[in-house]
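Enquirer: Provided below for reference: sequence and predicted model.
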Amino acid sequence: MADEIRRIDYYYMSVPDKPGEGAHILSILREAGVNLIGISAFPHGARRSQLDLIPEDSALLVRAAKGARFKLSARKSGFLVQGEDRPGAVADFVGRLAHAKINVTSVQAFCSGSNRYGGMLWVKRADLRKAAKALGIG
């Protein structure tokens, strides 16, 4: 099976770093029908965490966040890569970007079971079109 690459959006929010905060936010989004294809959270300042949300439907996430009075960042964009797991799968994509002289801001990738992998690649906004072309989706 061929690798799949598509452009994705993400938003982040700063939340209190305390037990149950993430569960509370994710429960509200679930109740609103928001399907998240990715989530990342990490410490960000004194007693705060950054919660990154990668939605299947950006408009639905924005509406749900507004209704819940969550303060989301501006939309950011990147790329979702998925395919059959193999050594160097993500290296291939990162290599294409390097060859095009595009710096990768962030990457997360995981084996997802059943011999599949998935990953997210983030580049600077100014490099999005050039990156899409380098990845073969432009």
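Expert: Nice, thanks for sending it over.
Enquirer: got the contact list for D92?
Expert: Contact partners of D92, counting by CB atoms under 8 Å, 6 or more residues apart in numbering, are D3. In this view, the C-beta of every residue, glycine as well, is placed from N, C-alpha and C.
Enquirer: same question, the one 4 residues further on
Expert: The neighbours of R96, taking CB under 8 Å, 6+ apart as the test, are A134, L135, G136.
Enquirer: mind redoing it with 10 Å?
Expert: R96 is in contact with I5, I102, L121, A131, K133, A134, L135, G136, counting by CB atoms under 10 Å, 6 or more residues apart in numbering.
Enquirer: ok, now T105?
Expert: Counting by CB under 10 Å, 6+ apart, T105 has contacts K76, G78, L121, W122, V123, K124, R125, D127.
Enquirer: just the ones of those residues in helices?
Expert: With helices defined by DSSP state H, no entry of those lies inside them.
Enquirer: show me what the residue most central in space within the chain is bridged to.
Expert: Closest to where the C-alpha atoms of the chain average out (CA atoms, centre = their mean) is I54, at 4.6 Å. Note on I54: beta-bridge partners by DSSP bridges are G38.
Enquirer: next, work out how far apart it and L61 are.
Expert: Distance of I54 to L61, computed by CB to CB, to the nearest Å: 9 Å.
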